[in-house]
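Colleague: A structural model of the following input is requested.
(one chain, ligands or ions: 2)
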Amino acid sequence: MIGILGAGAFGTALAVALTANGPVTLWGRRIDWTDENPRLPGVTLPEGLTVTQDLDRALQADTILLALPAQVLGAFLDDHAGRLDGKCLVSTAKGIDLRHLTGPSALIAQGCPRATVAVLTGPSFAADIARGLPTALTLACADPDAAEALQQRLSTPVLRLYRTTDVIGAELGGALKNVIAIAAGTVIGAGLGDSARAALITRGFAEMTRLAGHLGARPETLTGLSGLGDLTLTCTSGQSRNFRYGCALGSGKDFDSATTVEGAATARALDRMAQRDGLDLPIAAMVARLAEGGLSVEKAMDRLLSRPLKEE
Ligand SMILES: NC(=O)C1=CN([C@@H]2O[C@H](COP(=O)(O)OP(=O)(O)OC[C@H]3O[C@@H](n4cnc5c(N)ncnc54)[C@H](O)[C@@H]3O)[C@@H](O)[C@H]2O)C=CC1
Ligand SMILES: O=C(CO)COP(=O)(O)O
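Modeller: Ligands and ions are numbered 1, 2, ... in the order given. Prediction:
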């Protein structure tokens, strides 16, 4: 059995897809729906999928997917790490924890030192996975044997997993692309055009690669599904919440604050990390200021455009 913790859009979508391989138990802290999760409208839950508020029931599984937002994961582990330790724990969170300035894998390893830690990430909208559309993801685990076993266990004919042992690189790609997607959305929302967005994505990718290299990631991981693949998807699709949030910032429109937008907190975490380590991350700094409301879009763009001309 597979247990999935977090009955939001992504946890539910993975539960629907993985039921094709065997029984799945999906845990949510508040399940106030029956046939259809409002975060994933139009998706019928298959037989073989158990949805529960009983955490013990989901923890009967030896493989647990943690489908919680990055800023929620730390507090969840504070409360439940003891019950998770020793299991195979796969995080799907795409963000950097603001409290510890680390990605989900380090948070889990710290709370659950005997667990096998893995990361599932890459270009994939929950709605696409739930509808059974073809999707390719990265499964990262430092233990190559565990990576291979998980790859087999979590792949389906339409959900193809590629494996890597570069956990840091894979999780950084997923976290950082959300920040760049907010910036790309801001550019589009402000009416600056597709050429400006392409420039932003390219310079954003350079920023991602610089930071990931500094933190020990392999360069080829950043050009894979979890990096460039997810960056491309998120910066170009109106399905992305990060991109839509950026569009709202750029156009001055309201945005529903209950929507999960991982890139906003992650930009602040990156800004702190840049100050700590003396790094130059201008796009993350700009997104952090924009999200805090401390900078107008005009000023943000002026700042980016007035940076010194240099070699690419
Ligand atoms: N939605 C998508 O298309 C994709 C999402 N992801 C990632 O998956 C992670 C989860 O995202 P979504 O499921 O989309 O978010 P969501 O906003 O749909 O769901 C988040 C869930 O977390 C639950 N939650 C919040 N605080 C909690 C707490 N303290 N304890 C227990 N549960 C709590 C909420 O009740 C909600 O069910 C994020 O890091 C996201 O970046 C990754 C790939 C695709
Ligand atoms: O990570 C995602 C696609 O790979 C989902 O992106 P959003 O969180 O921006 O909706």
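
Colleague: Give the burial count for residue 195, as a bare number.
Modeller: 9 (other C-beta atoms under 10 Å). From N, CA and C alone the C-beta is placed, and that goes for glycine too.

Colleague: when you give positions from now on, start the count at 55
Modeller: From this message on, residue numbering opens at 55, which makes the last subject residue 249.

Colleague: so what's residue 74 closest to, chain neighbours aside?
Modeller: residue 210 (4.9 Å; C-beta to C-beta, 6 or more residues apart in numbering).

Colleague: In terms of helix, strand or coil, where does that neighbour fall?
Modeller: coil (DSSP: H, G, I helix; E, B strand; the rest coil).

Colleague: need the contact list for the residue in the stretch 55-204 of the chain that ligand 1 sits nearest to.
Modeller: Taking C-beta to the nearest ligand atom, ligand 1 has its nearest neighbour within the stretch 55-204 of the chain at residue 62, 1.8 Å off. The contact partners of residue 62, by C-beta atoms under 8 Å, 6 or more residues apart in numbering, come to 82, 93, 121-123, 314.

Colleague: Among those, which one is most surrounded by other residues?
Modeller: residue 121 (27 neighbours).

Colleague: Just want the most central residue of the protein.
Modeller: Nearest to the geometric centre of the chain sits residue 148, at 2.0 Å (C-alpha atoms, centre = their mean).

Colleague: Look up the closest residue to that residue, ignoring the ones flanking it.
Modeller: Spatially, and ignoring its direct neighbours in sequence, residue 148 is nearest to residue 228 (3.7 Å; C-beta to C-beta, 6+ apart).

Colleague: Tell me how many other residues surround that neighbour.
Modeller: When neighbours are counted by other C-beta under 10 Å, residue 228 comes out with 32.

Colleague: Please apply the same query to residue 164.
Modeller: Neighbour number of residue 164 under other C-beta under 10 Å is 13.

Colleague: The one 10 residues further on now?
Modeller: Using other C-beta under 10 Å, residue 174 has 27 other residues around it.

Colleague: what about it, is that helix, strand or coil?
Modeller: Assigned state for residue 174: strand (three-state reduction, three-state DSSP).

Colleague: pretty sure it is in contact with residue 191, am I right?
Modeller: Yes: Residue 174 sits in contact with residue 191 when judged by C-beta atoms under 8 Å, with a separation of 5.9 Å.

Colleague: Overlap in contacts, these two.
Modeller: Joint contacts of residue 174 and residue 191 (C-beta under 8 Å, 6+ apart) are residue 215.

Colleague: that older thread, roughly how far apart are the residue of the stretch 55-204 of the chain closest to ligand 1 and ligand 2?
Modeller: 10 Å (C-beta to the nearest ligand atom, to the nearest Å).

Colleague: I'd like to know which elements the worst-scoring helix or strand of the chain on mean pLDDT is packed against.
Modeller: The weakest-scoring helix or strand in the chain, judged by mean pLDDT, DSSP states H and E, is helix 351-359 (a mean of 87). Helices and strands touching helix 351-359, by 3 or more C-beta pairs under 8 Å, 6 or more residues apart in numbering; DSSP states H and E, are helix 221-243, helix 336-346.

Colleague: what ranges do the strands span in the stretch 55-204 of the chain?
Modeller: 56-59, 78-81, 103-106, 117-120, 142-145, 170-175, 189-195 (DSSP state E, counting those that start in this stretch).

Colleague: And ligand 1, is the second one touching that?
Modeller: No: judged by C-beta under 6 Å from any ligand atom, strand 78-81 makes no contact with ligand 1; its nearest approach is 8.5 Å.
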